[in-house]
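S.K.: requesting a structural model of the entry that follows:
(6 chains, ligands or ions: 9)
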Amino acid sequence: MAENQTTVWKAFRGGLWDEIPVLRLMLGLCPTLAVTTGVKSGLTMGLCVVFVLICSNAVVSLMRNLLKPHLRIMMFTLTIAAFVTIADLYLKAFQPEMSEKLGAYIPLIIVNCIIICRAEACAAKNGVLVSVVDGLAMGLGFTLVLCFLASIREVLATGCITFSETFVITVLNPVDKGGWFTPWGAMLMPVGAFVTLGLTLGAVNQLTKKKA
Amino acid sequence: MSSKIALFFRESWLLMVSSLFFGGLLAITNAAWSPKVAENEIKKFNRLAGGLLTGATQFESVKDISMNLGKGKTAAVDIRKGLDASGNCLGWAFVCEGSGFVDTIKLVVTTDAGFTKMYGFGVLQCSETPGFGDKLNIKDGFYQSQFKGVPTEPFKLVKGGDPKALDSNIVAITGATVTSRAVVNALNEYMQQIKPQLVKQGLITQ
Amino acid sequence: MEIIIPVIAEANFIQTIWPAATLMLGLGAGFAVVLLIASIKLSVEEDPKVQAIYAALPKIDCGTCGFAGCAAYAKAVAANPELLGRCSPGGADAMNKIAAALNLQISGSGAPQRPLVHCRGHKTDKTFFARYRGIPACTAANAQPPVQACAFGCLGFGDCVRSCKFDALHVVNGLATVDYSKCTGCGACSRACPRFLIKMVPFTNEPMAAVACSSRESGKNTRAFCKVGCIGCGICAKQTDLFTVADNLSRMNYEKYAPSEAVTTAMTKCPTKVIVYRGKTAPADVSPEDKQTAAAS
Amino acid sequence: MDLLVSLVLGFISIVLINNFVFTKFLGTCPYLGVSGRLDTAFGMGLAVTFVTTLAGIMTWLIDFYCLAGTALEITRYVCYILVIAGAVQLVEMYLRKFFPPLYEAFGIFLPLITTNCVILGLCLFLNIWKVDSFLMATVLSFGAGIGFTMAICIMAGIRENLELADVPECMKGAPITLVTAGLLTLGFMGFAGMIK
Amino acid sequence: METRGKFSFPGGVHPPEGKQYSQGRPIEVIPNPKQVVVLLSQHLGAPCKPVVNKKDTVKAGQVIGTSDAFVSAAIHSPVNGTVKDITLAPHPVLGRTMAVVIDVDPAQNEPKLPVAGRFDAKFDLSKWTSEQICRAIKDAGIVGMGGAGFPARVKIEPNPAMPKTILIVNGCECEPFLTCDYRLMVEWTWQVLAGIRLTAKAAGVDQIRIGIEDNKPEAITIFNKAIESLGNDEDIQVVPVKTKYPQGGERQLIRAVWNKIVPTNSIPPVIGACVVNVATAAAIAEAVVFGNPLTHRVVSVAGRAICKPGNYYCPIGISVQELIDYCGGLTETAAKVVMGGPMMGFAIADFSTPITKTNGGLTFLTRKEVTEAKFNQTQTACIRCGRCLTACPENLNPTKIAHAVKANKLDVAQEQYFMSACIECGCCSYVCPANIELTGYIKTGKLLVARAKKKA
Amino acid sequence: MLSKITVSPAPHISQPLSTQRVMLDVLIGLAFPMAAAIWFFRQYAILLLICSVGSCMISEWLVNVLRKKPNSLSDLSAVVTGVILAFSLPPAAPWWVAIMGGAFAILIVKMLYGGLGYNVFNPAMAARVFLAISFGTLMQVWTVPATVKEGALKEMTAANTHATTQATAMAWSKEAQKGLVPAKEVSKFYKDSFFGTEGGCLGETSALAILLGGVYMLFRKTITWRIPAMVLISAAVVATAGWLIKPAVYVNPVYHLVGGGMMLCAFFIATDPVTSPLTVKGELIFGVGVGVLIMLIRILGEYPEGVMYAVLIMNALTPLIDRATRLIPAGGKPHVQ
Ligand SMILES: Cc1cc2nc3c(=O)[nH]c(=O)nc-3n(C[C@@H](O)[C@H](O)[C@H](O)COP(=O)(O)O)c2cc1C
Ligand SMILES: Cc1cc2nc3c(=O)[nH]c(=O)nc-3n(C[C@H](O)[C@H](O)[C@H](O)COP(=O)(O)O)c2cc1C
Ligand SMILES: Cc1cc2nc3c(=O)[nH]c(=O)nc-3n(C[C@H](O)[C@H](O)[C@H](O)COP(=O)(O)O)c2cc1C
Ligand SMILES: Cc1cc2nc3c(=O)[nH]c(=O)nc-3n(C[C@H](O)[C@H](O)[C@H](O)CO)c2cc1C
Ligand code: SF4
Ligand code: SF4
Ligand code: SF4
Ligand code: SF4
Ligand code: FES
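M.R.: Ligands and ions are numbered 1, 2, ... in the order given. Predicted structure coming up:
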């Protein structure tokens, strides 16, 4: 049991720091770039990924001993696609605005490399508990990164972080609300996405190098 | 042969069982949630249109109104009659499409019951460049406000001028002439074509 | 849940789900058949080494390694072990397994081969004619007419340092110095040195004794060029036959070396103190000049 | 003639103006991962083009004739991905067995592609855009692949030069590639609005 | 010159000519030094083994080193004296190599004099057969004196596999500052002409072209007159070529004079050309007619940083220091001492380095001539201006090669950018505004490739 | 004595030319349009130039300090970037826009890649696009030159005070394409573009001044004729084609050549050695590419001006062009042994 606890802990820490997706593993970049225009969409995306990861990890872990090599990929994609569809449907039903905003990027979770990666690297080798914790941690790590990037982009692009019409955090008071800050439109565009992620990765490299 | 079938089932039962299972799961979820999804669609339209047509509580679709898109193509127009709680017609709301700078722009446009005055428009879909064309999106921004309560005669796009004057001169968004023009052109096209059809169906008078 | 249950209760269960479930069953079965046949009919023989490496990889085909998927990377590493460690999803775990599959560890038979720099001349020990203002690389400097009087000694521009993938080599005060605790004995440095100063020798003992000089100049010239060069006087050879002197240079038989009184005597008697210990446990080699400055400060 | 013009415009549009990598961020992983060398990048691009065309056509057909407008729409994503994964796996095995040189040249990229967003993204966008003609679907699918090939080849060319550049240590590799990708999109914004 | 600019090649540069220092100074015989150091590797190919021992007495012209290898050339003592030592000595190119150190006999210390005065228009070729000429060249240990030091006999001897059709005489002396070939052409015209004709006969070619840069009009006139006064029907012509560095590179000269291109990584005989430097020709004449081995050569001493520039006839093996002393010493401003010319020569620091057979000059440069940037090695990154590409006479991409070498991508340097085709002329480094040692990197790259090949 | 002697690889002499000198020559060339800019836009020009150049220099210095590298300000390339960036800003742009542009150009586009010589994209142009998409409206305020009293088209000279906006030459051409004004009328005003008596970015208005600067650089061999000639010729060809086909909506080619950023681009921007191909053939292709793309964007695109995009796109293609035009040695490819 003690051993099991350590693996669970390891899996948890792994997802949130040692192997934090995007920054360390360099996987799942497309959604990262596409949905980080706002914290809210980043958060929604991240939570969807948490859901899919937990479910798919659990299912894959359950059937890990039954997999046949030639149908492996099929099985994984089938499982993942099913859960993604459910998540998509949920958003459509209960978060229609977000669903519209994220558009095709929700179904694209199916091909988000993180999910297959975890299915292969963790769920196919470990028990259900470890797999689920791994899924949770990896998903949260991903969400964390998305929110971090999104907050940079959203603040520079609008001056505020907007969750809903009534819940707005103003960081840099924008001109159109009588402030001084002229928003940087570029941050909402592809260049903002790529450059922010690039610089963040560089900063992470620099920080972790210093520690080592 | 039977050994082959056995092999097949030995190798593939898991995939097939899972397919069946996930198929079922999806179907159930869908059955449970799809009404909600459909409701959302209607809600969005109603919210936008309702916001512009104060007092309207329900919308009733009108059939057989279409747009001639040129080159022999036509498209049905989603146009609805706004009714208040007691069933009086308050005005019209329709979805209007035009091609903007980046992609198609979709608007919900509302007019009074006689189709003579515009109440304004709301944005259903717009992916114009942030900082440029997407100023169209600003609710009650200067651009949207220019359409509130102006007659439905053809609009004219001007660069510079007074946006506060409620007339058919529409002042373009600086740096986004294309978007501005797309909206003006689309509105003109739609209103010009819809009005006679409504008259023909006897829903409004000339 | 409370949303789903009523639906199941209300609707005709079978009717709700059959279209989707059958479609998917059909798809699943179809692919199962096709892929099964394909996997039997289209199987291709694989190199077992590549297979072993592939097994160690995460098989997610993410392309992070710069290759077209895990299989391509497995093939590439099998052919070129230097590509080890490109798979970041696999991490250290995969790397170790691949290393095992490739048998990368130096086999245990015999003494490990380790690099020995056959020069002891730090910058402060050597004579220079002028200032070298060329390309800061040993190969380039070695192609110039000598600036440093000794045409055999370390140039100190670190071609070897750059060749070492393990950060086990550094130029210290103008002399290439091996950090034996990091060195893996890969031998890259010995191939990099344009003056062939670094020889891979069997480390039969720890530390090893070595004649750290390559100068074939006459004793007189060597003395003029470097304070710590071998002058070929032969005193060491008189102590033990581990040393042989030819071309004004003493050489040591590393295969046969074992610590002995005679070697220690040779070390102390060597007039230029060019016989030194090298290895993990060897004392740091500091030139006389450095000692002075160290003492002074 | 109208059809031809619209096909050509559609093609140009998806290659230059609505390039999947530059405007939709699709296929970023291989775009960063496999752009180290030009020849590999080109192989990858060809493979993607092949698969997008194949997958685009197949999923369009399935969608158009089976799913659209029925209750089966719910299985759309599952169908898409199964079709893509299955077809790719099949093509890969087939090439490997019967056309080893072709396999070496671009077949090895195929597995990488199953989990590549461009493919699924293209299928989804064909659906979102409501492409209603088989020819247009084919042209757009092919164009998406060509657009990806163009993007990845440009990046590979740049990266071969960057190898010699004095990029700060922490920015080497993926970070500088991302920044480059960002600056690239700046240039390609010039095509915006050319064709609608 | 009516033909100015007509005969040339693409690329190249126009460095300041710097010929003013020594151009006007007649060849001067200098007294024997006290000691000469005769290196045993003075040519391309296998080094010689000494055939004398320590303390042996040697006569001027006596063989002191030989080799059995085909591509090699014997080495002779330039003086009478005793062998003091056989030891390592500084070599201008190879670091430290074996050399025979000879103390000059104070009793028999008269310097050897040139023989140019004994040649004239009436020189009769028919006294020697082709074989005799080749034999004499071999015995005299003659190597190419234009710089490369390829054993002359190997180059000249007829080779059935590669029949020669033209002899091109290299009188370009495109290298700035150097004037020894010019002085030879002007003062030793008849000896050079005799050598040329002997070489042509030995090589079995009828067509002789003498390429002279058009900044040496006197040399062109003198040779034209001399050829005219020969009055026979030999096919000898002077070709005035455009003054441009590296016009004297054999590949460039062949292109300018004969309009043919030597294939990459190949040598002139492949297309039937034989290129010989004028000093080599002069040495051949002396060897054939008088049997004298190659023990002396003309060295031009030039540059602002030497007190008494000039052209000196001196024994091979004399040290640079001795020449400096004879020329009045260095000036205060000296910054670089170069064996050879400033474009291709080797900067030396150890002045005990002896003169070799291939060494046509010593250039003494001041800091200003070197340029401050080069002196301090202040470089910027390549600004990709492309100047090096347009300057390269071999149409290479020097910056790419150099950067590939720097990044240790030798395969890229060779397979994509054809490093081995570089003739190391230095044009690229000369024009580079970023002051990058392109040629240096390329040389380094070639050395690395050679070493890798040797290992493999 | 000996200590004064140095040893380094051949050649031992070099052309009296340095990177610094090259950049200085560019700055001297830029002095002509700079004089024009200051003449036309007075304090606006001076303020933007100071902010832009200052920001570039401080950014470069900062990175050098952070990376513990020798100071590279003395190579003057940051100054060139600053000046060109300022030249591509509208005169009425706020001062902080110039500062942000300079910082983006140097920090992100240049120094992240290792500084001078390594950047892939033209720093000034990349920064210009960044500013354009970030601060759209601020980047479209076109001031009437201080010297213009009475103008060509009536609207253009509604008032001649500072900070009065007017359409630029390219905006007029766009209007003509949309059929709002006759192209013929617009074309008449090419003289204004030539002398610079019209609205536009700081440095681009006076084609004459740019030409003078360009001729100076050609004379100094700082640039070769290849890129400028190819840009102008190819652009002229495309413009002429358009003009011949639809003279009613497309302005005449002369107008295109002297109007907008075409001249500045041809002589000062496309010629940036760092971001253009190395080979001669490559330069020709690059020039044609830039010229054609500028015209395509001007004619078919939605933007009135295409210079910055055209340059960035061709910058991106530069490595591929270099590769495609790889040099073959004079003696042919060596045989594989
Ligand atoms: C890097 C930087 C960014 C700035 N960004 C803005 C901005 O976005 N909007 C703005 O109005 N002022 C900006 N400023 C300048 C303001 O801080 C300045 O105080 C303000 O413009 C002066 O007010 P004014 O509008 O009365 O001129 C910036 C300054 C710097 C140095
Ligand atoms: C980055 C960028 C994005 C733009 N986005 C839009 C846009 O979304 N909608 C639009 O109508 N114009 C947009 N434009 C501007 C047009 O290309 C062009 O400037 C316009 O047609 C003319 O504007 P004006 O006449 O208002 O100056 C954009 C320009 C830039 C530089
Ligand atoms: C760049 C370069 C420049 C050369 N310049 C000269 C020159 O000016 N004069 C000359 O005689 N040889 C020059 N050479 C050497 C010739 O290429 C060739 O080796 C020589 O003329 C052959 O004659 P030799 O064997 O008699 O020396 C140069 C070589 C190179 C690579
Ligand atoms: C002819 C020439 C043109 C230049 N043009 C530009 C330019 O358009 N934009 C720029 O940022 N720098 C320019 N520079 C400066 C410098 O090359 C540039 O900043 C580099 O890209 C920085 O590495 C130019 C330099 C020269 C020599
Ligand atoms: S290169 Fe290899 S042998 Fe040399 S020091 Fe480094 S690890 Fe040791
Ligand atoms: S050991 Fe050799 S390679 Fe290393 S620094 Fe010394 S000379 Fe250079
Ligand atoms: S040194 Fe080589 S690369 Fe440079 S110019 Fe001469 S031949 Fe060309
Ligand atoms: S001359 Fe120098 S700066 Fe110019 S391209 Fe060549 S190496 Fe680069
Ligand atoms: S997430 Fe898009 S390719 Fe990996």
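S.K.: tell me the buried residues in stretch E:68-86?
M.R.: Residues E:72-81, E:83, E:85-86 are the ones in stretch E:68-86 that count as buried (16 or more other Cβ atoms under 10 Å in any protein chain shown). The C-beta positions use only the backbone N, C-alpha and C, and glycine is treated the same way.
S.K.: now stretch E:27-46
M.R.: Buried-residue list, stretch E:27-46, by 16+ other Cβ under 10 Å: E:27, E:30, E:32-33, E:35-45.
S.K.: also stretch E:448-456?
M.R.: Judged by neighbour count using 16+ other Cβ under 10 Å, the buried positions of stretch E:448-456 are E:448-449, E:451.
S.K.: let me have these in TSV, extended by pLDDT, secondary structure and distance to ligand 9.
M.R.: Below are these laid out as TSV (pLDDT from 0 to 100; DSSP: H, G, I helix; E, B strand; the rest coil; distance: Cβ to the nearest ligand atom, whole Å):
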residue	pLDDT	secondary structure	distance to ligand 9
E:448	92	helix	39
E:449	92	helix	40
E:451	87	helix	43
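S.K.: relative to ligand 7, which of the residues you listed is nearest.
M.R.: Ligand 7 has its nearest neighbour among the buried residues of stretch E:448-456 in residue E:449, at 14.4 Å by Cβ to the nearest ligand atom.
S.K.: which residues touch that closest one?
M.R.: When contacts are counted by Cβ atoms under 8 Å, 6 or more residues apart in numbering or on different chains, residue E:449 touches E:410, E:413-414, E:419-420.
S.K.: wait, doesn't residue A:116 sit right on residue A:81?
M.R.: No - if you go by Cβ atoms under 8 Å, residue A:116 and residue A:81 don't touch, sitting 11.2 Å apart.
S.K.: the more surrounded of the two?
M.R.: Taking other Cβ atoms under 10 Å in any protein chain shown, residue A:116 and residue A:81 do not tie; residue A:81 has more neighbours (28 against 25).
S.K.: quick one: residues contacting the more buried one.
M.R.: A:110, D:77-78, D:80-82.
S.K.: can you check residue E:211 too?
M.R.: Counting by Cβ under 8 Å, 6+ apart, residue E:211 makes contact with E:7, E:168-172, E:239, E:241, E:247-248, E:253, E:256-257.
S.K.: name the member of those residues with the most neighbours.
M.R.: Neighbour-wise, these (other Cβ under 10 Å) top out at residue E:172, 32 neighbours.
S.K.: how about residues contacting stretch A:156-171?
M.R.: A:37-40, A:151, A:154-155, A:172-174, A:177, A:179, A:181, A:183-188, A:192, B:130.
S.K.: just the ones of the contacts of residue E:449 in helices?
M.R.: Using DSSP state H, the members of those that fall within helices are residue E:410.
S.K.: ranges for the helices of chain B?
M.R.: Assigned by DSSP H, the helices in chain B fall at B:2-52, B:142-145, B:177-200.
S.K.: other SSEs contacting the shortest one?
M.R.: Looking back up the chat, that one is helix B:142-145. Helices and strands touching helix B:142-145, as assessed by 3 or more Cβ pairs under 8 Å, 6 or more residues apart in numbering or on different chains; DSSP states H and E, comprise strand B:118-125, strand B:169-171.
S.K.: dump the C-alpha coordinates for that helix into PDB.
M.R.: Provided in PDB are the C-alpha atoms of helix B:142-145 (Å, rounded to 0.1, in the frame of the first residue of the first chain):
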ATOM      1  CA  PHE B 142     -21.100  53.700 -32.000                       C
ATOM      2  CA  TYR B 143     -21.400  51.500 -35.000                       C
ATOM      3  CA  GLN B 144     -24.300  49.400 -33.800                       C
ATOM      4  CA  SER B 145     -26.000  52.500 -32.300                       C
END
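S.K.: average pLDDT across it?
M.R.: For helix B:142-145, mean pLDDT is 83.
S.K.: just stretch E:223-230 next, same as before
M.R.: 91.
S.K.: same question, stretch D:40-51
M.R.: For stretch D:40-51, mean pLDDT is 86.
S.K.: next helix or strand past the helix or strand of chain A with the lowest mean pLDDT?
M.R.: Across the helices and strands of chain A, mean pLDDT, DSSP states H and E gives its lowest value to helix A:2-13, namely a mean of 65. The first helix or strand that comes after helix A:2-13 along the chain, using DSSP states H and E, is helix A:29-35.
S.K.: residue contacts, the residue of the stretch 351-456 of chain E found nearest ligand 3?
M.R.: Nearest to ligand 3, among the residues of the stretch 351-456 of chain E, is residue E:425, at 3.4 Å (Cβ to the nearest ligand atom). For residue E:425, the contact set (Cβ under 8 Å, 6+ apart) comprises E:245-246, E:249, E:343-344, E:393, E:439.
S.K.: assign it to helix, strand or coil.
M.R.: coil (DSSP: H, G, I helix; E, B strand; the rest coil).
S.K.: cool, and the one 3 residues further on?
M.R.: Using three-state DSSP as the criterion, the local structure at residue E:428 reads helix.
S.K.: what is the burial count for it?
M.R.: Quick note: residue E:428 (other Cβ under 10 Å) scores 32 neighbours.
S.K.: how far away is it from residue C:20?
M.R.: Taking Cβ to Cβ, to the nearest Å as the measure, residue E:428 falls 70 Å from residue C:20.
S.K.: now the residue in the stretch 101-250 of chain F positioned nearest to ligand 1: closest residue in space that isn't a chain neighbour?
M.R.: As assessed by Cβ to the nearest ligand atom, ligand 1 sits closest to residue F:103 within the stretch 101-250 of chain F, at 7.1 Å. Leaving aside its chain neighbours, residue F:103 sits nearest to residue F:59 (5.0 Å; criterion: Cβ to Cβ, 6 or more residues apart in numbering or on different chains).
S.K.: wait, that neighbour sits on residue F:111?
M.R.: Yes - counting by Cβ under 8 Å, residue F:59 touches residue F:111, with 7.2 Å between them.
S.K.: spell out which parts of the stretch 51-200 of chain E neighbour ligand 3.
M.R.: E:144-148, E:150, E:170, E:172-175 (Cβ under 6 Å from any ligand atom).
S.K.: so who does residue 205 touch?
M.R.: This is for chain A. Per Cβ under 8 Å, 6+ apart, neighbours of residue A:205: D:169-171, D:175.
S.K.: look at chain C instead
M.R.: The contact partners of residue C:205, by Cβ under 8 Å, 6+ apart, come to C:257-259, C:279.
S.K.: what's the closest of those to residue F:179?
M.R.: Taking Cβ to Cβ as the measure, residue F:179 lies nearest residue C:279 of the contacts of residue C:205, at 86.6 Å.
S.K.: ok, how many other residues are close to residue 68?
M.R.: Looking at chain A here, since you left the chain open. So residue A:68, with other Cβ under 10 Å, has 18 neighbours.
S.K.: ah, I was thinking of chain D
M.R.: Neighbour tally, residue D:68, other Cβ under 10 Å: 14.
S.K.: quick one: it from residue D:61, how far?
M.R.: On the measure of Cβ to Cβ, residue D:68 and residue D:61 end up 11 Å apart.
S.K.: sorry, back to before: the more surrounded of residue F:59 and residue F:111?
M.R.: residue F:111 (28 against 23).
S.K.: related to what we said a few turns ago, filter the contacts of residue A:205 to the buried ones?
M.R.: For these, a burial check counting by 16+ other Cβ under 10 Å picks out D:170-171, D:175.
S.K.: pick the one among the residues you listed closest to ligand 2.
M.R.: Nearest to ligand 2 out of the buried ones among the contacts of residue A:205 is residue D:175 (Cβ to the nearest ligand atom; 24.8 Å).
S.K.: contact partners for whatever residue of the stretch 101-250 of chain F ends up closest to ligand 6?
M.R.: Taking Cβ to the nearest ligand atom, ligand 6 has its nearest neighbour within the stretch 101-250 of chain F at residue F:114, 25.7 Å off. Taking Cβ under 8 Å, 6+ apart, we find residue F:114 in contact with D:165-168, E:381.
S.K.: okay, strands next: where are they in the stretch 151-300 of chain E?
M.R.: Counting by DSSP state E, counting those that start in this stretch, the stretch 151-300 of chain E has strands at residues E:166-170, E:207-213, E:235-241, E:273-277, E:296-302.
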